[in-house]
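Novice: fold the following, please.
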Amino acid sequence: MNDSVTVREVMDREFLGASESDDLHETTELLLESDDEAVLVLRGNDPVGCVTRDDILTHLLGNGETSAATIGDVMRDSLPAIEPDARLPEARDTMTSRSTSWLLVVEDGEPLGTLTASDILSTSLLEGEVTDSVEEPVQLGTTGQAATTDGTTSIAEDNFDDQGICSACGTLTQNLSSFNGQLLCADCRDV
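Specialist: Presented below is the predicted three-dimensional model:
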């Protein structure tokens, strides 16, 4: 992972916001349509909490319905947040320590956007991405060596640093390319 990349460079500048009095059922529908990790609860422009999909499921299991519930009934007061000038390793560590897959990006108390684990993974994939050339297929021999295009061989390694997850289908693959702002595998690029 590129240790010099900041959160600001890869964060999503859009986020789903709601107020404490908003209907939980309607907000849940918006959350599902937008495919966001969480809803940021705002009081005016000030972030005061969040509601995740897990919070909604917990409420459903405990109370059985969302028809009369509001965002304020379900929200949690703690926000997993990070500054925009923080580096990606710090963001990854914050996600791990907070047991979350997203962070609110905040500067001077103002929400700027969100950062997800997928954003971090995509960034590490872009570092090794080659889009202008077509890679030759590598054929492994029985000796564990890979044939290269110049006729020499190199030892094949089980290296997962150059693998990533396709934004469209979720497949773990080594052959990702950026297309319309998403990292896509060869199958999804052909569609």
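Novice: wait, what's in contact with the residue nearest to the spatial centre of the chain?
Specialist: In the chain, the centroid-proximal residue (Cα atoms, centre = their mean) is Ser118; its distance is 2.5 Å. Shown in contact with Ser118 (Cβ atoms under 8 Å, 6 or more residues apart in numbering): 165, 167. In short, each C-beta sits where N, CA and C put it, glycine included.
Novice: how about Glu20, nearest residue that isn't a chain neighbour?
Specialist: Nearest residue to Glu20, sequence neighbours excluded (Cβ to Cβ, 6 or more residues apart in numbering): Gly72, at 3.5 Å.
Novice: what pLDDT does the one you found get?
Specialist: Note on Gly72: pLDDT of 92.
Novice: assign it to helix, strand or coil.
Specialist: Secondary structure, DSSP: H, G, I helix; E, B strand; the rest coil: Gly72 is helix.
Novice: count of neighbours near it?
Specialist: By the criterion of other Cβ atoms under 10 Å, Gly72 has 17 neighbours.
Novice: these two touch, right, it and Asp23?
Specialist: No. In this structure, Gly72 is not within contact of Asp23 by Cβ atoms under 8 Å, at 10.8 Å.
Novice: so Val51 lies in a strand, does it not?
Specialist: Yes. Counting by three-state DSSP, Val51 falls inside a strand.
Novice: contacting residues for the residue nearest to Glu20?
Specialist: Contacts of Gly72 (Cβ under 8 Å, 6+ apart): 20-21, 41.
Novice: cool, Ser67 as well?
Specialist: His25.
Novice: is it part of a helix or strand, or is it coil?
Specialist: Reduced to three states with three-state DSSP, the structure at Ser67 is coil.
Novice: quick check, pLDDT for it.
Specialist: Note on Ser67: pLDDT of 77.
Novice: distance of it from Asp23?
Specialist: To Asp23, Ser67 is 9 Å away according to Cβ to Cβ, to the nearest Å.
Novice: do Thr173 as well
Specialist: 40 Å.
Novice: next one: whichever strand or helix holds Thr28 to chain centre, how far?
Specialist: Applying DSSP states H and E as the criterion places Thr28 in helix 24-34. Taking Cα atoms, centre = their mean, to the nearest Å, one finds helix 24-34 lying 19 Å from the centre of the chain it belongs to.
Novice: buried residues in that helix, which are they?
Specialist: Using 16 or more other Cβ atoms under 10 Å as the test for burial, helix 24-34 gives 24, 27-28, 31.
Novice: do the same with stretch 73-88
Specialist: Result for stretch 73-88 [16+ other Cβ under 10 Å]: buried residues 74-75, 79-83, 86-88.
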